[in-house]
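Peer 1: Pasting the sequence and the predicted model now:
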Amino acid sequence: MNLRNILNNILVFVLLVACMFFSSKRHQERKALDACIDEISSNCHGLFNYAVALEEENSKLNVLYKECMNK
């Protein structure tokens with residue numbers, strides 16, 4: 001095997017790895033986009049529930065904070 005063949009094989013390998021990386025990244029972006037579309041299609045039901053849960057937890061933490069500050 002000469003140097004040219006070795007360099008060609010390395011180039012092919014690097015290109016294959018790059019294609020696999022970008023394909024995987026595109027797949028992840030597509031999944032995120034699909035999840036966003038699903039959330040919007042459901043009138044942001046999940047996002048609304050999450051915001052409500054955060055507000056409830058924040059309220060509990062505020063009560064605990066005020067109790068600690070009054071001691």
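Peer 2: That came through, no problem.
Peer 1: wait, what's in contact with the spatially most central residue of the chain?
Peer 2: Central residue of the chain (C-alpha atoms, centre = their mean): Ala32, 6.9 Å from the mean position. Residues near Ala32 by C-beta atoms under 8 Å, 6 or more residues apart in numbering: none. Backbone N, C-alpha and C define where each C-beta goes, glycine included.
Peer 1: Model confidence for it, exactly?
Peer 2: In this model, Ala32 is scored at 87, pLDDT.
Peer 1: Would you mind measuring from it to Lys25?
Peer 2: 11 Å (C-beta to C-beta, to the nearest Å).
Peer 1: cool, Ala18 as well?
Peer 2: Ala18 is 11 Å from Lys25, by C-beta to C-beta.
Peer 1: starting at the chain centroid, how far to the host helix or strand of the residue nearest to the centre of the chain?
Peer 2: Counting by DSSP states H and E, the element that carries Ala32 is helix 3-41. In terms of C-alpha atoms, centre = their mean, to the nearest Å, the centre of helix 3-41 is found 16 Å from the chain centre.
Peer 1: right, and the helix or strand after that helix?
Peer 2: As the chain continues past helix 3-41, the following element, by DSSP H and E, is helix 45-69.
Peer 1: returning to that earlier point: got the angle for the helix holding Ala32 vs helix 45-69?
Peer 2: 80 degrees (axes from the mean of the first three to the mean of the last three C-alpha atoms, to 10 degrees).
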